[in-house]
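[1] 3D, please:
(chains A and B)
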Amino acid sequence: MLTFTLRRLMLAIPTLLVISLVIFLLVDLAPGSPLSDIPLTVPPDVRQKMIEAMGADQPVFVRYFLWLRQFFWVEPAYLFDSWFGTTWSEGELRILSWQSRSPVFTIIGQRLPQTLTVIGTAYLVGVLIAVPIGIYSAYRQYSWFDQAGTMFAMIGFSVPTFFSGTLLIIIFAVWLGWFPTKYDTQLVVNDWESFLKQVRQMAMPVMTLGLANAAAISRYMRSSMLDNMGMDYVRTARAKGLSERTVVLKHVLRNSLIPVVTVIALGIPAIFGGAIVTENLFGVNGIGAALIGAIQGNDIPMVQTIAFIFAVLIVLFNLIADILYGLLDPRIRYD
Amino acid sequence: MLDAAGRPLVQVENLKMHFPIYTGIFRRHTGDVKAVDGVSFQIMAGQTLGLVGESGCGKSTVGRAMLRLYEPTAGRVVIDGEDVASMPSEALRKKRPTMQMVFQDPQASLNPRMTLAEIVSEPLDEHTDWTRDQKLERVYELMDQVGLNRRFVNRFPHEFSGGQRQRIGIARALALKPRFIVCDEPIAALDVSIQAQVVNLLEDLQEKLGLTYLFISHDLSMVRHLAQRVAVMYLGRIAELSPSRDLYARPLHPYAEALLSAVNEPDPVLAARRKRIILKGDVPSPANPPQGCNFCTRCPKVMDICKTVKPDLVEVEPGRMVACHLYPAAGSTGASEAYERNQQGETQ
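    Got it, this is the predicted structure:
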């Protein structure tokens, strides 16, 4: 298993290098440039100075290798310095956003907690709802509960978040007045009062995304349970005289969770990626909102860095899913 | 019955297992697959009853319905004095230790995520309050009994060969010291060389532990070797139930005759003289069986009465029971059959 993991990590290096180049070229070759936003009243020599200050006058490959060096050397060194008080990154230029001129990782560090609390909770809620629904739907296949679960999943799949989110705002914020329409990013949770406020403002984005997540996972859970329910070893378990609870929860469920855990692990990078539509809808100032803002402002370093972090997470969680599969299923051996 | 060796441990009376068919937009109940349609037999304690028949005739369904792995539609299954077919589920669970099953596919019937020790000792977790050490000791004891090396105790099923897996299946069935074991084609998925080992193991265990078997198989020569009495099934009903010696020497039912003529004869001189009876046509669908005798569509000795009246299984010679109009004792059932849905030759 260790050999497998190391080998996969080594293979990830060229994969990620190719991905980073493709992202860089795509972002760079896309129409639009930050310079086009400079007003025409700015004199040409000032304009030239601004371009040079950003480093945008350099050829694309120079900028690419500079970015690589900043991402893989300067930023980790900076992090190391701030932890241990060393001076490795002294005098080095960090990746700077063209919009705000502040380091990209500082912005990400500010935005990520918002995303992780809201989207992460939504994912967790989605999984917690979906797994029991999937189990019971499969156990009582074609019962009214199963039909209702199928309906729920169909709604979750087919209704886009911008619609279901708006619907929730109308019902819970406008008509009932239970929750605020906008998420307050400034809120600091330090007592019971502010905690309740945080829960209330998180409720709607969590419901919106939780519905979408639960829809997919409950279907996976259900079909995986159905696959295993008909297996011979389940009949063996019944013949042993085990209680129905043990048969379903120990024999069927544990075997059914193997593919579902993989699907759940593969979905985790999406939490970090944020949900662009939902974040915008509820005004959650998270990483999705940061990415959209950077794209609109032609902030190439920012877009490049965030997109690349997503790529790293996806590669990483693919590996984690594979390792989990090997840990959960004794038939899988990575030698 | 001639077999006065003991009292019957297992008594099956008129066991029926019908699987409903739902059709149409409203999923109306329009018929049944009559997988098992009125089967009766008994097994003496310590003996083996062989159950033979071609694929799809309902052999396995009989075994599963007897142990309530399916809910039987009708009938009584008395095992060791208690009717299993009508027991409430909690009492049934308590009863399970006395009746166990060895399954056909040893690969699929073992949970892939459990080790040998877990598989074999799980019934003990459920039905005893032994300590871990006691259970492990029992697992070792069972492994010795079925001839598995004690070192394999923490291996997973996929790490074993087919024959070894079947030994695990047998050890698992034996864990709770059952009195009656249904062997549902335990050797069908094994290589011929392994088949003999497993059959001999089953025989040894029977001798040592005084087990009673229902041995389901389509391998006629294995059944001859193992069973004292043999039931031949065709399309959900028993065609003939005879002591194995008599059946193999002189089958009475035309279907049993045809089936046994298919057994290979190792002696080439005898093989040359052997007459094979080749049946024409296909087995009718169990959802739509013929009105009279189930075998009347293919029987070489068919008579008019066979097409209208279902023959009952009656004793025609001492110890031999046959369901066929050819034998006078069987002809006494003059009463016509009750109306049944989906009978062949009927338009709806």
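[2] With adjacent residues omitted, what lies nearest to whichever residue of chain B sits closest to chain A?
    Taking C-beta to the nearest C-beta as the measure, chain B has B:Arg96 as its residue closest to chain A, at 2.9 Å. All C-beta spots, glycine's among them, are computed from the backbone N, C-alpha and C. Counting by C-beta to C-beta, 6 or more residues apart in numbering or on different chains, B:Arg96 lies nearest to A:Gly241, which is 2.9 Å off, once chain neighbours are set aside.
[3] Name the nearest residue to residue 283, ignoring sequence neighbours.
    As the question left the chain open, I've gone with chain A. That would be A:Lys182: by C-beta to C-beta, 6+ apart, it lies 4.3 Å from A:Gly283.
[4] nope, chain B please
    B:Leu235 (6.1 Å).
[5] Show the pLDDT at residue 46.
    Since you didn't name a chain, this refers to chain A. Each residue has a pLDDT score; the one for A:Val46 is 85.
[6] that's the wrong chain, I meant chain B
    90.
[7] And the closest residue to it other than its chain neighbours, how close does it get to B:Leu124?
    The spatial neighbour of B:Gly46 that comes closest, neighbours along the chain excluded (C-beta to C-beta, 6+ apart), is B:Gly210 at 5.2 Å. Distance, B:Gly210 to B:Leu124, by C-beta to C-beta, to the nearest Å: 21 Å.
[8] Likewise for B:Gly169?
    16 Å.
[9] which of those two has more neighbours?
    When neighbours are counted by other C-beta atoms under 10 Å in any protein chain shown, B:Gly169 comes out ahead of the other of B:Gly169 and B:Leu124, with 28 against 19.
[10] Show me what the mean pLDDT comes to for the helix or strand that contains A:Ile108.
    Assigned by DSSP states H and E, A:Ile108 belongs to helix A:104-139. Helix A:104-139 shows a mean pLDDT of 90.
[11] cool, stretch A:296-307 as well?
    87.
[12] And for B:Thr115, the neighbour number?
    17.
[13] Tell me if I'm right that it and B:Asn154 touch.
    Yes. Using C-beta atoms under 8 Å, B:Thr115 is in contact with B:Asn154, at 5.0 Å.
[14] Specify the local secondary structure of the nearest residue to A:Trp88 once chain neighbours are set aside.
    In space, and not counting its chain neighbours, A:Trp88 is closest to A:Ala77: 4.3 Å by C-beta to C-beta, 6+ apart. Look at A:Ala77: counting by DSSP: H, G, I helix; E, B strand; the rest coil, its state is helix.
[15] Give me the buried positions along the helix or strand of chain A with the lowest mean pLDDT.
    Every helix and strand of chain A was ranked by mean pLDDT, DSSP states H and E. The lowest is helix A:44-54, at a mean of 82. Within helix A:44-54, the residues that count as buried by 16 or more other C-beta atoms under 10 Å in any protein chain shown are A:Ile51, A:Met54.
[16] follow-up on the earlier one: if I pick the residue nearest to B:Val283, what's in contact with it?
    B:Asp37, B:Cys57, B:Gly58, B:Val283, B:Pro284, B:Pro286, B:Pro289, B:Asn294, B:Phe295 (C-beta atoms under 8 Å, 6 or more residues apart in numbering or on different chains).
[17] possible to save those as TSV with neighbour count?
    Formatted as TSV, those follow (neighbours: other C-beta atoms under 10 Å in any protein chain shown):
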residue	neighbour count
B:Asp37	23
B:Cys57	25
B:Gly58	25
B:Val283	17
B:Pro284	16
B:Pro286	21
B:Pro289	24
B:Asn294	27
B:Phe295	26
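[18] got the buried residues for the helix or strand of chain B with the lowest mean pLDDT?
    In chain B, the helix or strand scored least confidently by mean pLDDT, DSSP H and E is helix B:268-273, which has a mean of 79. For helix B:268-273, the neighbour count (16+ other C-beta under 10 Å) marks no residue as buried.
[19] ok, now stretch A:260-277?
    Neighbour-count burial for stretch A:260-277 [16+ other C-beta under 10 Å]: A:260, A:262-265, A:267-277.
[20] cool, stretch A:168-183 as well?
    In stretch A:168-183, counting by 16+ other C-beta under 10 Å, buried: A:Leu168, A:Ile169, A:Phe172, A:Ala173, A:Phe179, A:Pro180, A:Tyr183.
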